[in-house]
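Undergrad: I would like to see how this sequence folds:
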Amino acid sequence: MKKIGIILLTMLVVGLMGCAPASRDETDEHPEKETLEGDKVEPVKETAKSTYSVEGYIAEVNSNLELQSEALINNLQKLHTYTFYSQVELLDFVSFPESSELSITMFSMDRQANEVFYDGKDPAIFGGSVSIIEGVNYGERFGGQSEEFWEFYEANSEEIEEEEKRAFANWFAECWEKANGKSVPLPAYFSIQDDTESFDLKKNDWIMDEEIWSY
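TA: Next comes the predicted model:
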């Protein structure tokens, strides 16, 4: 019996040794097995911050427009010498921004959105269109029109175009006021080519085109 007890004790000790945890050296042999593939953290990529801003660009636009205020006022004052054809019902000042240059043309219109022309022989009567100002550089100097600038412009084009429109209208309305444009005996509006709203120069407010025209 004593011999059998010794054998059982020996087997118990061997079994406990087999269940002992592996040494640290054994667990460190393949450390990559302890990390799941999904747990790997990718480095954060930093995005370069643009040196341009919408606010800075519009400030430059306003500054450039102001340089041409005197010329615009002088041209608008000439309208006081016009005798408009009797079929002219309103004046439509349309701006054409292109490649950082702005031109503005006045069209004499009827309420059906038709341009009215005068074909008579009296040179004092006006009907048709006339250029008010051309080639106003409103954004050319900003950033030297670099590749980085155009990337900024494209990324913010929707906001920039809206802010440009407001800047053009405000500038024109201020010059119109200084030229005593409200004394011109016809409704007058300022708009951007192909836009759907116009600035009412008599009421100093934006309106939709359907409020102007009786199609």
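Undergrad: show me what the longest helix anywhere in the chain is packed up against.
TA: When the chain is parsed with DSSP state H, its longest helix is helix 157-178. For helix 157-178, the packing partners by 3 or more Cβ pairs under 8 Å, 6 or more residues apart in numbering; DSSP states H and E come out as helix 54-66, helix 69-77, strand 90-98, strand 188-192, strand 197-200. All C-beta atoms are positioned from the backbone trio N, CA, C, and that covers glycine.
Undergrad: buried stuff in stretch 160-170?
TA: Judged by neighbour count (16 or more other Cβ atoms under 10 Å), stretch 160-170 contains these buried residues: 160, 163-165, 167-169.
Undergrad: stretch 63-74 too?
TA: 64-65, 68, 72-73.
Undergrad: same thing with stretch 207-214?
TA: Buried, per 16+ other Cβ under 10 Å, within stretch 207-214: Ile212.
Undergrad: quick one: mean pLDDT for that stretch?
TA: Averaged over stretch 207-214, pLDDT sits at 91.
Undergrad: adding mean pLDDT and distance to Glu211, write the helices and strands packed on helix 157-178 out as JSON lines.
TA: Putting the helices and strands packed on helix 157-178 into JSON lines (pLDDT from 0 to 100; distance: least, Cβ to Cβ, whole Å) gives the following:
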{"stretch": "helix 54-66", "mean pLDDT": "94", "distance to Glu211": "26"}
{"stretch": "helix 69-77", "mean pLDDT": "98", "distance to Glu211": "23"}
{"stretch": "strand 90-98", "mean pLDDT": "96", "distance to Glu211": "12"}
{"stretch": "strand 188-192", "mean pLDDT": "97", "distance to Glu211": "10"}
{"stretch": "strand 197-200", "mean pLDDT": "97", "distance to Glu211": "8"}
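Undergrad: now render those as TSV, adding distance to Asp110.
TA: Below are those laid out as TSV (distance: least, Cβ to Cβ, whole Å):
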stretch	distance to Asp110
helix 54-66	31
helix 69-77	22
strand 90-98	8
strand 188-192	13
strand 197-200	16
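Undergrad: looking at these, which is nearest to Asp209?
TA: Distance to Asp209, taken as Cβ to Cβ, is lowest for strand 197-200 among those, at 6.3 Å.
Undergrad: excluding covalently adjacent residues, which one is nearest to Phe152?
TA: Tyr52 (4.2 Å; Cβ to Cβ, 6 or more residues apart in numbering).
Undergrad: helix, strand or coil: sort out that neighbour for me.
TA: coil (DSSP: H, G, I helix; E, B strand; the rest coil).
Undergrad: make sure it is actually in contact with Glu148.
TA: Yes - assessed by Cβ atoms under 8 Å, Tyr52 is found in contact with Glu148 at 7.3 Å.
Undergrad: give me the more crowded residue out of those two.
TA: In this view Tyr52 and Glu148 are compared by other Cβ atoms under 10 Å, and Tyr52 has more residues nearby, 19 against 14.
Undergrad: now stretch 123-135: buried residues?
TA: 126-127, 129, 132-133.
Undergrad: where in this protein is pLDDT low?
TA: 1-50, 140-145, 215 (pLDDT under 70).
Undergrad: no more questions from me, cheers.
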